[in-house]
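Student: Provide a 3D model corresponding to the input given below.
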Amino acid sequence: MNEVLQMQLSYSALTAADLLGRSRTEVFVNVEADLVVLDGDREVLREGAFPVVELASALRRWKARGVAGRGDFEFTSLSLESRWRVRLVEADGGWRVVDDDGFTGAVRPAGEVDAAIDDFTTRLRGDCTRLLGSWIEQYLD
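Tutor: Got it, this is the predicted structure:
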């Protein structure tokens, strides 16, 4: 039985319909899905055709810094006009989901944030591998 996470990143409708090659840029821009960000029972964001592989890669790099060296997570994408409006902002005891439109979530401990990232990236890796083959895994490390 899966643990219910208080912070969750989920996606649906994964597609690579516009993918023309296997370069990092091609993959980051053209492997997309409809993304949902939840904080508790609050839907913070629902966005279609989002560059989920690029987001997963950025989240994994941020997580790999270790709790003490992370700071805030801000996502600047190759395919978005400006910085992504959802951030993970460091706070006493963890991080908060913050939306530039005014939402500030509860403080989530590092373990919960890490579990949400791991769940998102693990599911995405499996779905991308089924859709595109094992070569895609190099972009999800």
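
Student: would you map the helices across the chain?
Tutor: Counting by DSSP state H, the chain has helices at residues 24-30, 52-64, 110-132.

Student: show me what the second one is in contact with.
Tutor: Applying C-beta atoms under 8 Å, 6 or more residues apart in numbering, the set of residues contacting helix 52-64 from outside is 9, 11, 14, 27-29, 31-33, 35, 70, 73, 75, 77-79, 84, 88, 114, 117, 120-121, 124-125, 128, 136, 139-141. C-betas here are computed from N, CA, C, even on glycine.

Student: and with 6 Å instead?
Tutor: If you take C-beta atoms under 6 Å, 6 or more residues apart in numbering as the criterion, helix 52-64 is touched by 11, 27-28, 31, 33, 73, 75, 77, 114, 117, 121, 124, 139-140.

Student: find the nearest non-adjacent residue to residue 27, please.
Tutor: Distance criterion C-beta to C-beta, 6 or more residues apart in numbering; nearest residue to residue 27, sequence neighbours excluded, is residue 139 at 5.0 Å.

Student: tally of neighbours for that neighbour?
Tutor: Neighbour count of residue 139, defined by other C-beta atoms under 10 Å: 20.

Student: thought residue 28 was touching it, still the case?
Tutor: No - judged on C-beta atoms under 6 Å, residue 139 makes no contact with residue 28 at a distance of 7.3 Å.

Student: mutual contacts of the two, please.
Tutor: Common neighbours of residue 139 and residue 28 (C-beta under 6 Å, 6+ apart) do not exist.
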